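>>> below are the sequence and a predicted model for it; my questions follow.
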Amino acid sequence: MAEITLEHITKRFPDGSLAVNDFNLDITDGEFVILVGPSGCGKSTTLNMIAGLEDITSGELRIGGQVVNNKTPKDRDIAMVFQSYALYPHMTVRENMGFALKLAKTPPNVIKEKVEEAARILDLTQHLDRRPANLSGGQRQRVAMGRAIVRDPAAFLMDEPLSNLDAKLRVQTRTEVSRLQRRLGTTMVYVTHDQTEALTLGDRVAVMRTGVLQQAATPKELYDRPVNLFVAGFIGSPAMNFLSGTLEDGMLRTSLGDFRLGDRLRREVERSGSGREVIVGLRPENFEDVALVSPDNRPHGITLRATIDVLESLGSDVFVYFAREVGQGVNVAELEELAQDSGRADSGASGETIVARLDAATRISEGQNAELWVDARAMHIFDPATGRNLSLGDDDGGAASVQAVPDRADAREPQAPDPAAGSGGVQAAPGQAGPAGEAT
Ligand SMILES: Nc1ncnc2c1ncn2[C@@H]1O[C@H](COP(=O)(O)OP(=O)(O)OP(=O)(O)O)[C@@H](O)[C@H]1O
Ligand SMILES: [Mg+2]
């Protein structure tokens, strides 16, 4: 087992392209870390540098405390599993799994023992004497992992090992990989471009974009506290909704309605010098059918009216889509790039469609002019110039700091900011409906 440290790791290919730029990450012993990001962002290059398959242009790579920049792959004590896990077709599962050990002149009884143990872990015991052609895709994938396991390496490196499997098998094998890693307790670095896979598998997820590490954190942290617009838009499905906001007299005006900024957030925005225009981010689940929101909760959000264009019922949830102006002044170029990067050109990111996820109990129907509620506490505010998430602040680790004001539906005194939501919230403004807010 080993810890892996990447310090200022940079990769420039001979043709001048900068594939990985000043990458810093400490992977602890036994940790399961996922590298995720859009195609071409440098995930494989990073993994290949750890494996020793690609030279490091500058920076220092340590495995188990030792600098390994100049060590060959076989001296690094790591095992790699690729997307194309070519098995030898003429060999049985047993022979495939033991092949590396045989090459290393391991005694046959030791090979037998190790292969059978790996087969037990991977549930391949009854297939040991079959050929790859007679196995399912998932079983073949497990044989490829078995080849890595028998070597008992200090770390596993996996590059999109499941992408050849169909969707159902991928989900199943994903769970197996996760269980396997826990069971073996071996450090693992796993590459995928699938954010769902990333969130479900890892202890920690490192999000990359154009060779630059954006944020490395637990799945929950990435989801709740994305450091910038890119991470916010990349993580989560359906994607976070973005719209423009204008700051005026401590108020945040959006096409959904108006919110009052808390002190901390106002200071933060002013200090960032980002001007009056911001990008507001709201996840689909921050919306709800107002009829299903308890009176206690309502003051934390605002209500709005929207004509439901499309409604999709998934049984457990209902997704509704409605149009909203993204607004002027928003840096649409940034949003479009984001949508492209995350392979979701048709997401709400750059368009005008807002996606809301409602409780399955909702009675809202397609075409209806429905009354929705949006939880302002979960709102994110981004600087359109830098993409930085202004609502995180940089002092405390508190929750995203937006707070709603009671809407007119239950006009009451504005509430004191919820201490749990941090001190710098946004509060919805009573009696102040935005252009799209409910009109009174
Ligand atoms: N040998 C090479 N010479 C020049 N540029 C390269 C070379 N290999 C990769 N690149 C470039 O480096 C960048 C990162 O490539 P990399 O393969 O690491 O991306 P990735 O994140 O693994 O993408 P994918 O999800 O498509 O596998 C890309 O822009 C790619 O074109
Ligand atoms: Mg790759």
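Arrived safely, thanks for sending. Ligands and ions are numbered 1, 2, ... in the order given.
>>> so who does L184 touch?
Applying C-beta atoms under 8 Å, 6 or more residues apart in numbering to L184 gives the contacts 121, 149. Any C-beta I mention is one placed from the backbone N, CA and C, and that applies to glycine too.
>>> the same query, at a cut-off of 10 Å, please.
Shown in contact with L184 (C-beta atoms under 10 Å, 6 or more residues apart in numbering): 1, 30, 118, 121, 149, 152-153, 156.
>>> quick one: name the residues of the stretch 51-200 of the chain near ligand 1.
Contact residues (C-beta under 6 Å from any ligand atom) of the stretch 51-200 of the chain with ligand 1: H193.
>>> what residue in the stretch 51-200 of the chain comes nearest to ligand 1?
As assessed by C-beta to the nearest ligand atom, ligand 1 sits closest to H193 within the stretch 51-200 of the chain, at 4.4 Å.
>>> what helix or strand does F156 sit in?
strand 155-159 (DSSP states H and E).
>>> with just CA atoms, put whatever helix or strand comes next after that strand into PDB.
Counting by DSSP H and E, the element after strand 155-159 in chain order, helix or strand, is helix 167-184. In PDB, the C-alpha atoms belonging to helix 167-184 read as follows (Å, rounded to 0.1, in the frame of the first residue of the first chain):
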ATOM      1  CA  ALA A 167     -25.200   0.600 -19.000                       C
ATOM      2  CA  LYS A 168     -26.600  -2.100 -16.700                       C
ATOM      3  CA  LEU A 169     -23.400  -4.100 -16.400                       C
ATOM      4  CA  ARG A 170     -21.500  -0.900 -15.800                       C
ATOM      5  CA  VAL A 171     -23.600   0.000 -12.800                       C
ATOM      6  CA  GLN A 172     -23.200  -3.500 -11.400                       C
ATOM      7  CA  THR A 173     -19.500  -3.700 -12.000                       C
ATOM      8  CA  ARG A 174     -19.100  -0.200 -10.500                       C
ATOM      9  CA  THR A 175     -20.500  -1.600  -7.300                       C
ATOM     10  CA  GLU A 176     -18.100  -4.500  -7.500                       C
ATOM     11  CA  VAL A 177     -15.100  -2.200  -8.000                       C
ATOM     12  CA  SER A 178     -16.100  -0.200  -5.000                       C
ATOM     13  CA  ARG A 179     -16.500  -3.300  -2.800                       C
ATOM     14  CA  LEU A 180     -13.200  -4.700  -4.100                       C
ATOM     15  CA  GLN A 181     -11.400  -1.500  -3.300                       C
ATOM     16  CA  ARG A 182     -12.800  -1.500   0.300                       C
ATOM     17  CA  ARG A 183     -12.000  -5.100   0.800                       C
ATOM     18  CA  LEU A 184      -8.400  -4.800  -0.500                       C
END
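>>> neighbours around the closest residue to I34 other than its chain neighbours, how many?
Excluding the flanking residues, the one nearest I34 by C-beta to C-beta, 6 or more residues apart in numbering is G202, at 3.7 Å. Applying other C-beta atoms under 10 Å, we find 23 residues neighbouring G202.
>>> you'd agree G202 is up against M158?
No: applying C-beta atoms under 10 Å, one finds G202 not in contact with M158, separated by 11.3 Å.
>>> shared neighbours of those two, which are they?
34-35, 181, 188-190, 192.
>>> and the strands in the stretch 1-150 of the chain?
For the stretch 1-150 of the chain, applying DSSP state E, counting those that start in this stretch gives strands covering 4-12, 18-27, 32-36, 58-63, 66-67, 78-81.
>>> just say which of these is most tucked in.
Sort the strands of the stretch 1-150 of the chain by mean neighbour count, taking mean count of other C-beta atoms under 10 Å, and strand 32-36 sits at the top with a mean of 25.
>>> mind listing the strands that strand pairs with, and their directions?
With DSSP bridges as the test, strand 32-36 is paired with strand 187-192 (parallel), strand 204-209 (parallel).
>>> point out the most buried one among the ones you listed.
Comparing the strands paired with strand 32-36 by mean count of other C-beta under 10 Å gives strand 187-192 as most buried, with a mean of 26.
>>> turn the strands of the stretch 1-150 of the chain into CSV, including mean pLDDT.
Formatted as CSV, the strands of the stretch 1-150 of the chain follow (pLDDT from 0 to 100):
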stretch, mean pLDDT
strand 4-12, 98
strand 18-27, 98
strand 32-36, 97
strand 58-63, 97
strand 66-67, 94
strand 78-81, 89
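>>> which ones are touching D194?
So D194 contacts 34, 36, 160, 162-163, 170, 174, 200-201, 237, 343 (C-beta under 10 Å, 6+ apart).
>>> hmm, I was thinking of R357
With contact taken as C-beta under 10 Å, 6+ apart, R357 is in contact with 238, 283-288, 312, 314, 316-320.
>>> do that again at 8 Å, thanks
R357 sits next to 238, 284-285, 287, 317-319 when contact means C-beta under 8 Å, 6+ apart.
>>> and it, backbone torsions?
With angles defined as degrees, to the nearest 10, R357 sits at phi -110, psi 120.
>>> pLDDT value on L162, please?
Predicted confidence (pLDDT) for L162: 84.
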